[in-house]
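Asks: Predicted structure and sequence below. I'll ask about it afterward.
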Amino acid sequence: MPAEVPTLDEIRAWPATVSVPKAATALGISKTYLHGLIKRGESPVRVLPLEGRHRVITASLVRLLEGS
């Protein structure tokens, strides 16, 4: 069963960075697809590599979803 897509207000309340799977849910795409975009340098959101993992910057995600 697919995860429920959060509202923009819910996303604004998230921590400064979130996991790739959580960001993918907000974007309505699979985590595999977002990981592929990140790997190719084509991510639509800013990503930080931390401790061998990627974290999506929530403010970047909000800006994208607002259309800014």
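Replies: Looks like it arrived, so ask away.
Asks: Once you drop chain neighbours, what's closest to Val45?
Replies: Once flanking residues are discounted, Val45 sits nearest to Ser60: 4.4 Å by Cβ to Cβ, 6 or more residues apart in numbering. Where C-beta positions appear, they are placed from N, C-alpha and C, glycine not excepted.
Asks: what comes into contact with stretch 41-51?
Replies: For stretch 41-51, the surrounding residues in contact (Cβ atoms under 8 Å, 6 or more residues apart in numbering) are 17, 20, 23, 27, 34, 37-38, 54-57, 60-61, 64.
Asks: now for the residues you listed, which pair is the farthest apart?
Replies: Spanning the widest gap among the contacts of stretch 41-51 are Thr17 and Leu37, at 16.9 Å by Cβ to Cβ.
Asks: any idea which of the contacts of stretch 41-51 is closest to Glu4?
Replies: Comparing the contacts of stretch 41-51 against Glu4 with Cβ to Cβ places Leu27 closest, at 13.4 Å.
Asks: That closest one reaches Leu34, doesn't it?
Replies: Yes. In this structure Leu27 lies within contact range of Leu34 using Cβ atoms under 8 Å: 6.9 Å.
Asks: Cool, thanks, talk later.
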